[in-house]
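> please find the sequence and the predicted model below.
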Amino acid sequence: MATAKKRDPEAALALLWGEQGQPTRGPKPSLSAAGIAARAVEIADAEGLEAASMQRMGKEFGVTTMALYRYVPGRAELVELMVDTAMGTPQPVAGIAGGWRPQLAHWARQCWDMYRRHPWILTATAMRRQLMGPNQLAWLDAALGALAGTGLRPAEQHDAFLLVVGHVRNLTQQLTEEDAEAGAEWARLTGAVLERHGDRYPSLTAAVAAGAFAPGGGDPLDFGLERILDGVQALVEERR
């Protein structure tokens, strides 16, 4: 029985960073890993991550799946390339006036926009540590750069980054899964239940009556981001 080829993390990292050696024998490559990843990103944006399979990419470029392995060793490596390609390079935040807080807020809004353009990245980067390419590291570097002068310990800077990016990812997930029709049905059924049993849940009933669950008109990122930054600012002031 044939066994699956073991993943080579060193080769995968070299591919991400464009450091892999070029073949010295055989015909000149007609494709490139970067070109394959760019087309795969377009497909994932339009149809979802699962649509960008190795078989699909072979068909897109008119080659067999086996021929595609000459450029990308496997699906995991393709997804890693797709993520780094889609993320791109963040805009610099160092020149933004006002210090770390507006700089980190600007970073978060860039991140918010990027995830909404490519929501499949949530799935691609979930559940395990991925190898990180130059663009992914640039995003992390920019966030930590905004926090570098705060006086927070390096581990605290990283924790602050995790809070902010976690908020952005959670909101993106909510919007990706949002279904207006299902939401309206949920509201109708929940309202009917509370009409019959509202006395058992007085706080919830009062909140619903006051419009706590009504769709908001503001930026969904604002409230949570500002509260996170308030907490980070309190810690910064404590350290000073």
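Yep, it's here. Residues are numbered from 1 along each chain as shown.

> helix, strand or coil for Ala40?
Secondary structure, DSSP: H, G, I helix; E, B strand; the rest coil: Ala40 is helix.

> can you check Ile96 too?
coil.

> how many residues are close by it?
Counted by other Cβ atoms under 10 Å, the residues lying close to Ile96 total 17. Every C-beta, even on glycine, is put in place using the N, C-alpha and C of the backbone.

> now do the same contact list for it.
Taking Cβ atoms under 8 Å, 6 or more residues apart in numbering, we find Ile96 in contact with 102-103, 106.

> neighbours around the closest residue to it other than its chain neighbours, how many?
Nearest residue to Ile96, sequence neighbours excluded (Cβ to Cβ, 6 or more residues apart in numbering): Gln103, at 4.8 Å. For Gln103, the neighbour count with other Cβ under 10 Å is 22.

> what's the helix or strand containing Gln103 in contact with?
According to DSSP states H and E, Gln103 maps onto helix 100-117. By Cβ under 8 Å, 6+ apart, the residues outside helix 100-117 that reach it are 45, 86-88, 90-91, 93-94, 96, 121-122, 139, 142-143, 146-147, 149-150, 160, 164-165, 167-169, 171-172, 175, 221, 225, 229, 232-233, 236.

> give the other helices and strands that the worst-scoring helix or strand of the chain on mean pLDDT contacts.
Here the helix or strand of the chain ranked lowest by mean pLDDT, DSSP states H and E is helix 180-197, holding a mean of 80. In terms of contacts (3 or more Cβ pairs under 8 Å, 6 or more residues apart in numbering; DSSP states H and E), helix 180-197 is packed against helix 202-209.

> so what does the helix it packs on touch, helix or strand wise?
helix 180-197.

> and the angle for the helix it packs on with helix 202-209?
Orientation note: helix 180-197 sits at an angle of 130 degrees relative to helix 202-209 (axes from the mean of the first three to the mean of the last three Cα atoms, to 10 degrees).

> in contact with the residue lying closest to Arg239 once chain neighbours are set aside, which residues?
Distance criterion Cβ to Cβ, 6+ apart; nearest residue to Arg239, sequence neighbours excluded, is Gly151 at 4.4 Å. Taking Cβ under 8 Å, 6+ apart as the contact definition, Gly151 lies against 236, 239-240.

> now the helices for the protein?
Secondary structure of the chain, counting by DSSP state H: helices at 9-16, 33-47, 54-61, 65-68, 75-87, 100-117, 120-124, 134-147, 154-177, 180-197, 202-209, 222-239.

> most tightly packed of the ones you listed?
Among these, ranked by average contacts under mean count of other Cβ atoms under 10 Å, first place goes to helix 75-87 (a mean of 22).
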